[in-house]
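Participant: Only the shape, not the letters, is given here:
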């Protein structure tokens, strides 16, 4: 066995489902062509736990007023962390949330830019079908595809 690799559980981005191995790609982006941070998590894991590594990988020099996020990122921990940094969390509250927080609907509508980025990313067949079996090679392919998207649209 190679150093640094574990036989069981060594690849944290692999999740099991009935369809086989699954992975979630988490991205922070400026528009549909430019992602500024990428993170992988297991497909059977929730979205909210992946927020901290994604947020920590953002450049601290970026001045952010608000962050528009999917419902999966609606948690008190995420809201508190963003508010401590002076950033407005723009996230539609989950239906089962006891306290329904208000959010800026106009800013939330602009969240579709990251959805368009994912659409362009899934045009790469190896990304959409999760061709690669290891986290390292799959993540490299995601970065390569994101770089090609940025180059094509610049």
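Facilitator: Now that the structure is in, tell me what you want to look at. No experiment lies behind these values; they were computed from the predicted model shown.

Participant: for the most centrally placed residue in the chain, helix, strand, or coil?
Facilitator: Geometric centre of the chain, nearest residue: residue 26, 1.3 Å, by Cα atoms, centre = their mean. Following DSSP: H, G, I helix; E, B strand; the rest coil, residue 26 is assigned to strand.

Participant: which residues does it bridge with?
Facilitator: Note on residue 26: beta-bridge partners residue 39, judged by DSSP bridges.

Participant: per-residue pLDDT, it?
Facilitator: In this prediction, residue 26 carries a pLDDT score of 91.

Participant: from memory it sits against residue 41, does it?
Facilitator: Yes. The pair residue 26 and residue 41 qualifies as a contact (Cβ atoms under 8 Å) at a distance of 6.4 Å. Yep, even glycine has a C-beta here, placed from its N, CA and C like the rest.

Participant: what touches both of these two?
Facilitator: Each of 47, 50 lies in contact with both residue 26 and residue 41 under the rule Cβ atoms under 8 Å, 6 or more residues apart in numbering.

Participant: residue ranges with poor pLDDT in this protein?
Facilitator: 1-21 (pLDDT under 70).

Participant: top helix in the chain by residue count?
Facilitator: In the chain, assigned by DSSP state H, the helix with the most residues is helix 135-152.

Participant: Show me what that helix is packed up against.
Facilitator: strand 20-29, strand 35-42, helix 112-121, helix 125-128 (3 or more Cβ pairs under 8 Å, 6 or more residues apart in numbering; DSSP states H and E).

Participant: This completes my enquiry, with thanks.
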